[in-house]
Structure formats: structure tokens, C-alpha cells
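Asker: Attaching a predicted model along with its sequence, questions to come.
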Amino acid sequence: MATTLEKIKEIEDEMARTQKNKATSFHLGLLKAKLAKLRRELITPQKGSSSAGEGFDVSKAGVARLGFVGFPSVGKSTLMSKLTGVYSEVAAYEFTTLTTIPGVLKYNGASLQILDLPGIIEGAKDGKGRGRQVIAVAKTCSLIVICLDVTKPITHKKVIEKELELSGIRLNKVPPKIKITKRERGGITVCGGDFDQELVKSILHEFRISNADVHITGTVTVDDLIDAVEGNRKYVPAIYVLNKIDSISVQELDIIARIPHAVPISAHHGWNFDSFLKKSWDYLDLIRIYPKPKGQPIDYEEPVILKTKKRTVQDFCNAIHKEIMRKFKYAIVWGSSVKHTKMKVGKDHVLNDSDVVQIIKGV
């Protein structure tokens, strides 16, 4: 009987042999659905297994978590040590880091947890090396930092992207606007999208879904549909750190710097760390709000950190303590979110980065 890996290889070979055109789109769509099911089997822990899909046991700390992912010996540990002061063993041979090393970096008043993950290798998605543990931790990160050695082939970037993609991690993507509502009867109805409806039904049947409403908004692909059916994909922002730029020419640096989402650095010399930290902050989508207790100066040392998608006055209050809203009367705000300096606002007012907020409570 063929193993899961052998079945995956058979389908991948069949897909490679099949020409891509309108006539074969239905067949290829079903093959992709079968492949997704097999890959889920591969990365799902077996019953009774204590380690098949577990990550390294690292407690969360800070307002966000950055995971350093990359091949062995690309400089992750050096970067980690320089940024956090936490010593992660460094040596001139591969696989120096054998477990996850945590550290905390203070930036813009926020505590950011840095995780130096063991070197990933090709085949990590299939369980090679410590791939499953590395990927399990990567899925818990607010930002994935893919570390690349600029003196080594740029194809390493594609290999790492493929390992993460096939493990259910979507880098720098937004979830497709597909809503699947299961029902007890009535078959499958499809609203929106430009798919062959029979293909949608066949893919859902492949996942044993016989009754459901499928609402599609905008342009989506078969892969997007499969991701929506699976429902377990992680959409994570990513930055590519191009390390060891001290080893290449200015002309070579000019070329690699054009890679999207990339920051060239030298971990050894500490070059361009400011750009890396600023880009990381932007990709984490965080803002700082400075509290001003009544009758006291503004607290610039300990800002309240909010996500830009949740930055109302109420979100600010809840981030400090959920009891505040019980006695909330109004807030006074200084900053770019208000038309006038020292403006009175309600709980639904949307705050901007670096606003100052004073909460006024009722009796």
C-alpha cells in the first residue's frame, strides 16, 4: 500500500504531466484538492504520537512574536544576539541551534518577542529534520522573518517559501473572501466568482461536504477555494532579511535590494538594523497610544500598543483594564486623530499612532 508521501508524489507527477488549459482546469482542480487532503494527513499528528506535530514549548511574551526562519548558518543566531542581548550559540558549522531560543526586544516602547528557530531544511513540510516543530512555532508568530545568506543561492528563498506554503502558511497574503456555510440538506449552492460551479461542488465533495452555501467575493483561485474549505491556513506577514551584505559588492547589493519585502543587513557588523526594525514595526501593524493620567504628566515610557484594526478609545481602555469602560464618561485626546488640540471624544473615536489619551470617568 502506497504511503502518504508516495501518493503525494504520484499526484504531483500527474499535475506536472497535465497541460494547463481550460479543458484540463476541472481535472487539475480536483488533483489540487486531493493533494491538499494528503498534505493535511501528513502534517496532522498521529493519534498516540506525542511529537508528530508539536512545536517547541515557548511561552509567549510581549505584544508580538517574531520568528526567525531560515536555512542553517545564515546568521539568525548572530542577529538574535545583537538585537536582544540573548546569547544563542553561534558556530561556523550547520545546525548550531537545536531548539528555539527566545529573547525580548524593546522597540517604540513595545516588548517584541524574538524566536531564533532551528535551521529549516528542504523537506521540512514532510517532517525532515525538526521541520514540523519549526513550522508549528512559525504558525504562532505575528511576523515571520526569513533570513537569507546573500552569498548563497537565491533559490533558498523559493525553497523556504514552498516549505511554508505547503505547510499551510500564507506569506504576505490576505484571506480570500470566501464564506462556506454548511447545511443539513439542499445540496451546494454557489454565489459569486467565475468558477465552473460543478468544479466547486466536486472540490467540496472531495472534502465530504455535500450541503453548503458558498459565497465568493472578488477574484479568487482554485487554491483560494481549497484554502477556504480547509479553514486552517495561517496568513502571516513576512520580511526577508538579506544577511552578510558585507561580503558582496555595491552592484550586487543594488540588485538584491529590489527583492519585495526585503531588508539588506549585516548581522555581524550591525548594519541597517534601524531599517529592519522599522519595517518589522510597519508589518506588525502596531500603533502607540500614550496615556495621560489626570493631573499627571504623559507616560512616554510605557505606551499602550494597539493593532491598527482595533484602535478605538474603547480598545485603548480595554488594553489597560476591562473595568475602565464601566465608569467611562469620555476621553480627551491630543494628536492627529482629532481636529482640535485637547478634544473631547467618545468610546468609538478612532485613534492614530502617537495620540495622547486621558480617560475621564463618571461617578
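Answerer: Happy to help now that I have it.

Asker: I'd say residue 344 and residue 334 touch.
Answerer: No - assessed by Cβ atoms under 8 Å, residue 344 is found out of contact with residue 334, at 11.4 Å. In this view, the C-beta of every residue, glycine as well, is placed from N, C-alpha and C.

Asker: More neighbours: those two, which one.
Answerer: residue 334 (18 against 13; other Cβ atoms under 10 Å).

Asker: From residue 321, how far out is the more buried one?
Answerer: Applying Cβ to Cβ, to the nearest Å, the value for residue 334 to residue 321 is 22 Å.

Asker: Could you export the host helix or strand of residue 16 as CSV, keeping only the C-alpha atoms?
Answerer: Element membership for residue 16 (DSSP states H and E) is helix 4-17. Extracted in CSV, the C-alpha atoms of helix 4-17 (Å, rounded to 0.1, in the frame of the first residue of the first chain):
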residue,chain,number,x,y,z
THR,A,4,1.1,9.3,2.0
LEU,A,5,4.4,10.7,0.6
GLU,A,6,4.2,8.3,-2.3
LYS,A,7,0.6,9.3,-3.0
ILE,A,8,1.6,13.0,-2.9
LYS,A,9,4.4,12.3,-5.4
GLU,A,10,2.0,10.5,-7.8
ILE,A,11,-0.4,13.4,-7.8
GLU,A,12,2.4,15.9,-8.2
ASP,A,13,3.8,13.9,-11.2
GLU,A,14,0.4,13.8,-12.8
MET,A,15,-0.1,17.5,-12.4
ALA,A,16,3.3,18.1,-13.9
ARG,A,17,2.4,16.0,-17.0
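
Asker: who does whichever helix or strand comes after it touch, helix- and strand-wise?
Answerer: Next along the chain after helix 4-17, taking DSSP H and E as the criterion, comes helix 25-43. Packing partners of helix 25-43 (3 or more Cβ pairs under 8 Å, 6 or more residues apart in numbering; DSSP states H and E): helix 4-17, helix 197-206, helix 222-230.

Asker: what's the angle from the last one to helix 25-43?
Answerer: Angular relation of helix 222-230 and helix 25-43 on a 0 to 180 degree scale: 50 degrees, by axes from the mean of the first three to the mean of the last three Cα atoms, to 10 degrees.

Asker: Residues contacting helix 222-230, please?
Answerer: With contact meaning Cβ atoms under 8 Å, 6 or more residues apart in numbering, helix 222-230 is reached by 25, 28-29, 32-33, 36, 40, 168, 170, 175-176, 178-180, 195, 199-200, 203-204, 207, 209, 216, 233.

Asker: hmm, which of those residues are the buried ones?
Answerer: Among those, those scoring as buried are 28-29, 32-33, 36, 168, 170, 176, 178, 180, 195, 199-200, 203-204, 207, 209, 216, 233 (criterion: 16 or more other Cβ atoms under 10 Å).

Asker: quick one: low-confidence parts of the stretch 101-250 of the chain?
Answerer: 121-131 (pLDDT under 70).

Asker: tally of neighbours for residue 235?
Answerer: There are 13 residues near residue 235, going by other Cβ under 10 Å.

Asker: dump the residue contacts of the residue nearest to it when sequence neighbours are not counted.
Answerer: Of all residues not flanking residue 235 in the chain, residue 170 sits nearest, at 4.7 Å (Cβ to Cβ, 6 or more residues apart in numbering). Residues near residue 170 by Cβ under 8 Å, 6+ apart: 227, 233-236.

Asker: Which of those fall in helices?
Answerer: Judged by DSSP state H, those include residue 227 as members of helices.
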